[in-house]
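Chemist: Predicted structure and sequence below. I'll ask about it afterward.
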Amino acid sequence: MSYIKRNITEELIHAYVDENLSPEEHVRFERLLKNDSKLLEKVESYQAQNVMLHNMFDSVLDEPIPAQLTPSPRNIKAWNFPFKLIASVLLLCIGGFMGWFVKDNQTPRYNIVANLAQMATRAHMVYTPEIKHPVEVAAEQEQHLVKWLSKRLGNSVKAPDLTSEGYELVGGRLLPSTTGPAAQFMYENNIGERLTLFVRTKLNIEKNVAFRYYVEQETNVFYWVDAEFGYALVGSVSKPELLGVSNLVYRQLSL
Amino acid sequence: MNNLLWEDQLKQQIPNLRRYARALTQNTASADDLVQDCLERAWDKRENWKDGSNVRAWLFTIMHNIFINGIRRQKIQQEYLSKTIELSIENSEEQLFAMRDLTACLAKLKPEFRETVLLVGLENLSYKETADITGVPIGTVMSRLSRGREELRQLMTRDAKPKLVSIK
């Protein structure tokens, strides 16, 4: 293959992968692909790289912006008064603004999905330190608990069995959330570490959302959306341990 | 200069800057340091920005310069290699392994190749924008992209088949 031809092909390959070709060029290139399995393999692998990059790093877009990136004592002079004021308003609005810049159903996902982790974390922090009343309905009445929560959430919810990971159900409670009732199931292991599973339903999100990670004050959260349910598993245990339990929850609840 | 417009646009870019920085350094803390440095520098130089010009490209250019200077000082690079790679997690384990692969392999790319692959593949910037941001001609962007993607592919195929050893 001549140097020039090779170069043209290289450029074409990337233009195709990055969707920069005109419709005619696109069609011509796909014809080329059909007859060249090596080229096809290469192109598919480059396309896969892009998909994987997005899978890996897009969740950063949904993360709340950390405090250090807003006014701090260190740069108080630079981030001066009007900016602080405007910044705080803008922070409140940013989710809304994103909607104008992000296409289609990514818009509602931005808020709802990110909210899921935050609401779950708040509820976890409020109820897990409780000694006397950590739950509204205890695990002894699991059937009643599940039936009651299902009725209130308007969708059948289940309390997953986490005994294989060393966690026993303590019980659960009904919670308010920004868009209606939510449920919290609490679990505890033999050294008193508590996990909570936050469940919301009727999210009206068409796409499922894969496991995402969120952390706040040493509390780890994995959250995801499966069918019409949004789940967040919260705990102050290590990230790998929480991921293990999350996988178990996911397997049981997606059946 | 319209301060409100400027700040508004700046804020809107923070999530993208963070995503790019995370992919570049693969470490949450270093990434946010990078974003913070970038925002501070942008604030200092806010008079240089003109209404209507592309804030995104401008911010990415600032970040590129900070990153490359950091690499020159070997700081970010060392942290980058020594700290654990943080991943967001996908459902399937197969995907998870593939991604771990991708992150590990990204780390092996030269910084300028990594930048180019990420600006185009993750940030979906045009070749022209990428050229402006990294301060090189489009031709250089193309060859970096080409070599970066191909190296990544070779590395990933190699890592996926550790048992295949070539015989000299």
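Modeler: Arrived safely.

Chemist: A:Leu242 contacts A:Tyr223, correct?
Modeler: No. At 11.0 Å, A:Leu242 does not count as touching A:Tyr223 under the criterion of Cβ atoms under 8 Å. The way it works is simple: take the backbone N, C-alpha and C, and place the C-beta from them, glycine included.

Chemist: which neighbours do these two share?
Modeler: Listed as contacting both A:Leu242 and A:Tyr223 by Cβ atoms under 8 Å, 6 or more residues apart in numbering or on different chains are A:Leu233.

Chemist: ok but A:Trp224 is inside a strand, no?
Modeler: Yes. Using DSSP: H, G, I helix; E, B strand; the rest coil, the secondary structure at A:Trp224 is a strand.

Chemist: in the sheet, who's paired with it?
Modeler: Beta-bridge pairing of A:Trp224 under DSSP bridges involves A:Tyr231.

Chemist: Please tell me the pLDDT value assigned to the residue in the stretch 151-255 of chain A positioned nearest to chain B.
Modeler: Per Cβ to the nearest Cβ, A:Phe211 is where the stretch 151-255 of chain A lies closest to chain B, at 4.2 Å. Looking at A:Phe211, its pLDDT reads 82.

Chemist: And the one 3 residues further on, by the same measure?
Modeler: In this prediction, A:Tyr214 carries a pLDDT score of 83.

Chemist: which stretches of the chain form strands?
Modeler: The chain I'm using is chain A. A:137-138, A:168-177, A:180-188, A:194-200, A:209-216, A:219-226, A:229-235 (DSSP state E).

Chemist: just how off-centre is the shortest one within its chain?
Modeler: Yep, that's strand A:137-138 we're talking about. In terms of Cα atoms, centre = their mean, to the nearest Å, the centre of strand A:137-138 is set 28 Å apart from its chain centre.

Chemist: for that strand, packing partners?
Modeler: The contact analysis (3 or more Cβ pairs under 8 Å, 6 or more residues apart in numbering or on different chains; DSSP states H and E) places strand A:137-138 against helix A:142-153, strand A:168-177.

Chemist: got it, and the longest one?
Modeler: Packing partners of strand A:168-177 (3+ Cβ pairs under 8 Å, 6+ apart): helix A:106-127, strand A:137-138, helix A:142-153, strand A:180-188, strand A:194-200.

Chemist: need the least confident one among these, by mean pLDDT.
Modeler: helix A:106-127 (a mean of 73).

Chemist: returning to what we had before: number of residues surrounding the residue of the stretch 151-255 of chain A closest to chain B?
Modeler: 20 (other Cβ atoms under 10 Å in any protein chain shown).

Chemist: repeat for A:Ser236
Modeler: A:Ser236: 15 neighbours (other Cβ under 10 Å).

Chemist: For it, grab phi and psi.
Modeler: Torsion angles at A:Ser236 (phi, psi; degrees, to the nearest 10) stand at phi -90, psi 30.

Chemist: just checking, it touches A:Glu218?
Modeler: Yes. If you go by Cβ under 8 Å, A:Ser236 and A:Glu218 touch, sitting 5.8 Å apart.

Chemist: lowest-pLDDT helix or strand in the chain?
Modeler: Because you didn't say which chain, this covers chain A. Lowest on mean pLDDT, DSSP states H and E among the helices and strands of chain A sits helix A:81-101, with a mean of 55.

Chemist: ah, I was thinking of chain B
Modeler: Min over SSEs of chain B, mean pLDDT, DSSP H and E: helix B:75-82 (a mean of 46).

Chemist: number of nearby residues for A:Glu140?
Modeler: A:Glu140 - counted by other Cβ under 10 Å - has 10 other residues nearby.

Chemist: Which stretch among the helices and strands packed on strand A:168-177 is buried most, on average?
Modeler: Most buried of these, by mean neighbour count (mean count of other Cβ atoms under 10 Å in any protein chain shown): strand A:194-200, with a mean of 25.

Chemist: Between A:Leu242 and A:Tyr223, point out the one with more neighbours.
Modeler: Taking other Cβ under 10 Å, A:Leu242 and A:Tyr223 do not tie; A:Tyr223 has more neighbours (27 against 21).

Chemist: okay, the spatially closest residue to that one that is not a sequence neighbour: pLDDT?
Modeler: Nearest non-adjacent residue to A:Tyr223, counting by Cβ to Cβ, 6 or more residues apart in numbering or on different chains: A:Ala232, 3.8 Å away. At A:Ala232, the pLDDT value in this model is 95.

Chemist: Quick one: residues contacting A:Gln47.
Modeler: So A:Gln47 contacts A:Val17 (Cβ under 8 Å, 6+ apart).

Chemist: ok, it to A:Ser37 distance?
Modeler: To A:Ser37, A:Gln47 is 15 Å away according to Cβ to Cβ, to the nearest Å.

Chemist: what do you get for A:Glu130?
Modeler: 62 Å.

Chemist: now do A:Pro181
Modeler: From A:Pro181 to A:Ser37 the distance is 54 Å (Cβ to Cβ).

Chemist: Run through the bridge partners of the residue minimising distance to the centre of chain A.
Modeler: Taking Cα atoms, centre = their mean, the centroid of chain A lies closest to A:Arg212, which sits 3.7 Å from it. For A:Arg212, the beta-bridge partners under DSSP bridges are A:Tyr223.

Chemist: and if you look at the one 4 residues further on?
Modeler: With DSSP bridges applied, A:Glu216 shows beta-bridge pairing to A:Thr219.

Chemist: what number of residues lie near it?
Modeler: Taking other Cβ under 10 Å as the criterion, the count of residues near A:Glu216 is 15.
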